[in-house]
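Enquirer: Could you look at this predicted model? Sequence included:
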Amino acid sequence: QQQQQQQQQQAPGAIAGGSGSGGGTIASSNNVTPTGTTTSPTVDVSSSGYLSALETSFNHIPSSADTDRPKTYIPRNPFATHSSYPSAPSPLFDNPGIFEKLGTECLFYIFYYSQGTYQQYLAARELKKQSWRYHKKYSTWFQR
């Protein structure tokens, strides 16, 4: 057993042969010897290499903030502009009635350049009313 521990310390996570009946081991039954008998290789769970790798992976586990998009508005043009130029999107485009009056080209522009927003949803809904269908596989709009 001391020899197995030395092998584990030299190569953390390596598989050592054994019966799998000892405490602190994990057995796998998918190895077959050339004579046709199965062996149960074991991994010594108490080895310091295995525990340190487990601790490292736990310390670097992704959080929900890694997958969520930020909810705040980030202007596309970060340069300073004149005070008369709007710094936030107009609340006028939160009204679904406005999208009924817009042309097809404008609706496509809103759909592709306002991704992940309520305006994209409203543009897609209006395009669907106008007999356009979005194909998810091709990521393209088609008209019936």
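Expert: Noted; the coordinates are in hand. Residues are numbered from 1 along each chain as shown.
Enquirer: where's residue 85, which helix or strand?
Expert: Under the criterion DSSP states H and E, no helix or strand holds residue 85.
Enquirer: Next, count neighbours for it.
Expert: 8 (other C-beta atoms under 10 Å). Every residue, glycine included, has its C-beta placed from N, CA and C.
Enquirer: From residue 52, how far off is it?
Expert: 55 Å (C-beta to C-beta, to the nearest Å).
Enquirer: got it, and residue 107?
Expert: In terms of C-beta to C-beta, residue 107 sits 55 Å off from residue 52.
Enquirer: Then residue 115?
Expert: For residue 115 relative to residue 52 (C-beta to C-beta), the value is 41 Å.
Enquirer: just to revisit the earlier point, counting neighbours around each, name which of residue 107 and residue 52 comes out higher.
Expert: residue 107 (20 against 11).
Enquirer: how about the more buried one, secondary structure?
Expert: helix (DSSP: H, G, I helix; E, B strand; the rest coil).
Enquirer: my guess is it meets residue 99, correct?
Expert: Yes: the pair residue 107 / residue 99 is scored as a contact, 6.8 Å apart, by C-beta atoms under 8 Å.
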